[in-house]
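Engineer: Here is my input; please provide its structure:
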Amino acid sequence: MAKYNRSNYTLNKFSTGIVYVFDSEIIEATLEDASLTEIQKKCFIQYYFLNVSIRQIAKNEGRHMSSIQESLLAATKKLNMLFFKK
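Structural biologist: I've put the predicted structure just below:
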């Protein structure tokens, strides 16, 4: 998996201003457990933890926005299966 410049990924999803910090090693291990492809991992981390837009990810990866959206959807489904298997 590609390494990023930040030692921790941050997520600021709520209007309360609360910033959650996640350990990058735990995130990477979880993404590995979910069997995400390299592009799914890159897209997921950039979108959900580094707050990069889908448009910017598509531009950086040289792909269409719909391809990035599909990668994010597939990654989310795999993670849901990992955490919520019955």
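Engineer: then the helix or strand A58 falls within to CSV, C-alphas only?
Structural biologist: Assigned by DSSP states H and E, A58 belongs to helix 54-61. Below are the C-alpha coordinates for helix 54-61, written out as CSV (Å, rounded to 0.1, in the frame of the first residue of the first chain):
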residue,chain,number,x,y,z
ILE,A,54,-13.8,12.3,-5.6
ARG,A,55,-13.0,14.7,-8.5
GLN,A,56,-9.5,15.3,-7.2
ILE,A,57,-8.9,11.6,-6.6
ALA,A,58,-10.0,10.9,-10.1
LYS,A,59,-7.7,13.5,-11.5
ASN,A,60,-4.7,12.3,-9.4
GLU,A,61,-5.3,8.7,-10.5
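Engineer: Beyond it, next helix or strand please.
Structural biologist: helix 65-84.
Engineer: In the chain, where is pLDDT below threshold?
Structural biologist: The chain contains residues with pLDDT under 70 at 1-24, 26, 86.
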